[in-house]
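Undergrad: Sequence isn't available, so here's the structure alone:
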Ligand code: NAI
């Protein structure tokens, strides 16, 4: 669909990937609302790209409901919602406190749930149709060390969006859904604890600037590129929006491990695992 004049809400739009998405949507002519918990950055970005800023905590259902009401009050309806706000501190599972889990799942999973819950009825009621883009991660498709809490949230976002997209398609809805699974993007995610809530103080998490870890498997891109991937996904209706299609070998390793388990346990039980019947191992 043409994005010119459409109304788009981007959570976490003050910084990083959200700012990249908001910038690309504005360049398409969309009327953009950025929702963020960090007021100073939000006001600066809103002024820079000509967006409306709405102070929002995505982990709070009421705050997201208020955001949806503010968007409809400002522009009459909403066409595009990007549930993108997120945090990325890291720790081995054994080091995670319950406050870490609550913060991570509160923002990275419940934040998306709140966005879908508050905006889906508005998008469905929009005669011009709509689109939901949920930001997961490559860590929603394959995970590694220190990503336990993050991956628990991001696998959830992938699963939620896969089911939502299938249900909308089965209904013949004019609303579509995409899940953005970025690889490494140069953002402020390495200082996520700047937004840690005071009521969840017990921290095993550490802010990590993984760019300094210099992993040769990583390819770093800028947020604008992620924004362009999102615009393309909305226009084409892609379910999986990928910034790093070159990273498939990492996902394939996980798929191969799952396929091997099916093959072995099916053979033990005397079943045909069906792995050679067209399912890619
Ligand atoms: P960022 O730190 O630059 O931007 C995140 C934004 O979300 C900030 O403006 C922050 O203030 C806001 N935010 C944090 N908690 C919030 C809350 N409770 N309510 C509302 N806003 C809140 O980081 P980045 O990298 O742009 O992160 C955006 C999304 O992209 C996240 O969901 C992250 O998990 C995901 N992602 C990032 C990758 C990367 O390499 N940077 C890779 C894959 C996914």
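TA: Noted; the coordinates are in hand. For clarity, every value in this text was computed on a predicted model and none was experimentally measured.
Undergrad: Give me the buried positions along stretch 128-143.
TA: Residues 130-143 are the ones in stretch 128-143 that count as buried (16 or more other CB atoms under 10 Å). Using the backbone N, CA and C atoms, a C-beta is placed for each residue, glycine as well.
Undergrad: so which of the residues you listed are also by the ligand?
TA: Among the buried residues of stretch 128-143, the ones lying near the ligand by CB under 6 Å from any ligand atom are 135, 137.
Undergrad: biggest separation within the buried residues of stretch 128-143, which pair?
TA: 130 and 143 (30.7 Å; CB to CB).
Undergrad: Of the buried residues of stretch 128-143, which belong to strands?
TA: Counting by DSSP state E, those place 130, 131, 132, 133, 134, 135 in strands.
Undergrad: Please name the nearest non-neighbouring residue to the last one.
TA: Translated: residue 135. residue 84 (4.0 Å; CB to CB, 6 or more residues apart in numbering).
Undergrad: Which neighbours in the sheet does the one helix or strand residue 177 maps to have, and how are they oriented?
TA: Assigned by DSSP states H and E, residue 177 falls within strand 175-181. Paired neighbours of strand 175-181 in the sheet (DSSP bridges): strand 130-135 (parallel), strand 240-242 (parallel).
Undergrad: can the ones you listed go into a markdown table with extra columns for distance to residue 94 and mean pLDDT?
TA: Below are the strands paired with strand 175-181 laid out as a markdown table (distance: least, CB to CB, whole Å; pLDDT from 0 to 100):
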| stretch | distance to residue 94 | mean pLDDT |
| --- | --- | --- |
| strand 130-135 | 27 | 99 |
| strand 240-242 | 32 | 98 |
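Undergrad: Of all those, which one is nearest residue 176?
TA: Comparing these by CB to CB, strand 130-135 comes nearest, at 4.8 Å.
Undergrad: now that closest one: how far from the chain's centre is it?
TA: Taking CA atoms, centre = their mean, to the nearest Å, the mean C-alpha location of strand 130-135 is offset from the chain mean by 9 Å.
Undergrad: Alongside the ligand, which residues does the stretch 101-250 of the chain contribute?
TA: 107, 108, 135, 137, 182, 184, 185, 187, 188, 189, 192, 195.
Undergrad: Relative to residue 261, which of those residues is nearest.
TA: residue 137 (23.7 Å).
Undergrad: Kindly indicate whether the closest residue to the closest one other than its chain neighbours is helix, strand or coil.
TA: Nearest non-adjacent residue to residue 137, counting by CB to CB, 6+ apart: residue 154, 4.6 Å away. Following DSSP: H, G, I helix; E, B strand; the rest coil, the label given to residue 154 is helix.
Undergrad: now do residue 168
TA: Residue 168 - assigned by three-state DSSP - is helix.
Undergrad: now it, nearest residue through space, not along the chain?
TA: Nearest non-adjacent residue to residue 168 (CB to CB, 6+ apart): residue 175, at 5.3 Å.
Undergrad: Tell me how many other residues surround that neighbour.
TA: With neighbours defined by other CB atoms under 10 Å, the count for residue 175 comes to 22.
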